[in-house]
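> Whatever this is, show me its structure:
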Amino acid sequence: MGAKKSKSKEWYTIMSPKFFGRKIIGKTMVSDSKKLIGRKVIVSAVEVTNNFSKYYMKFILRVSNLDGDKLSTDFNGSECMRDYIARMVIRHIKRIDTVQDLTTKDKVKIRVKGMAVLSRKAKSNTLKRIRKHINYLIEDVVLKSKLEDIVEGILNDKIKSYILREIRTIYPVRNFEIRKTEIIK
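Next up is the predicted model:
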């Protein structure tokens with residue numbers, strides 16, 4: 001038996017996307033740099049933005065380019081952590097989930113998953129009206145915005161507060177959150 005020749009591993013620096021300021025968000029070690037392109041990287045929103053009020057959110061980034069020892073990433077989605085969702089949804093409280101596949105102004109296909117939490121029980125026709133209105137509002141925001149604006153709107157709660165304000169005209173909704181976004185390829 002011949003001795004196996006092992007490849008030496010090299011360190012690569014992972015950079016955040018341009019609209020997060022191209023900050024260093026981590027390092028990875030790999031023997032074959034070709035395996036890096038397309039790899040997903042999950043980071044906390046606090047790491048990327050230094051906004052501690054978004055402790056419950058994480059971003060999914062995808063390695064898109066290799067330049068020397070630096071890896072460029074693209075935004076691939078966002079997600080609220082499960083324990084945050086579990087704290088919002090307590091017993092005897094109604095939860096309304098929405099899922100939509102939309103295209104942004106800059107032609108990026110995105111799946112947006114929203115969640116509203118009611119403060120008390122409601123009739124089924126009221127729930128249908130709320131879901132339909134949430135779908136309309138999310139579609140309106142996404143179709144008129146670029147991907148970068150949507151991510152910024154999620155981070156600064158602009159989209160959340162807009163949708164909350166609008167759906168509270170129908171029924172007293174306790175909370176709303178865009179719990180997940182995904183880029184569709």
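> who touches residue 183 in this structure?
62, 74-77, 108-110, 147 (C-beta atoms under 8 Å, 6 or more residues apart in numbering). Any C-beta I mention is one placed from the backbone N, CA and C, and that applies to glycine too.
> and the residue nearest to it when sequence neighbours are not counted, what pLDDT?
Nearest residue to residue 183 in three dimensions, chain neighbours excluded: residue 76, at 5.1 Å (C-beta to C-beta, 6 or more residues apart in numbering). pLDDT recorded at residue 76 is 95.
> got it, and the one 4 residues further on?
According to the per-residue confidence, residue 80 scores 95 in pLDDT.
> now swap in the one 4 residues further on and tell me
Residue 84 carries a pLDDT score of 92 in this model.
> Okay, buried residues for the helix or strand containing it please.
Assigned by DSSP states H and E, residue 84 belongs to helix 82-88. Under the neighbour-count criterion of 16 or more other C-beta atoms under 10 Å, helix 82-88 has 85, 88 buried.
> Need the three-state assignment for the residue nearest to residue 183.
strand (DSSP: H, G, I helix; E, B strand; the rest coil).
> List the residues that contact it.
Going by C-beta under 8 Å, 6+ apart, residue 76 touches 40, 60-62, 182-183.
> Mark which of these are buried, thanks.
Buried among these (16+ other C-beta under 10 Å): 60-62, 182-183.
> and which of those residues is nearest to residue 81?
Closest to residue 81 out of the buried ones among the contacts of residue 76 is residue 60 (12.6 Å), distances taken as C-beta to C-beta.
> and stretch 120-138, which residues are buried?
122, 127, 130-131, 133-135, 137-138.
> make that stretch 142-152, sorry
Buried residues in stretch 142-152, defined by neighbour count with 16+ other C-beta under 10 Å: 142, 145, 147-152.
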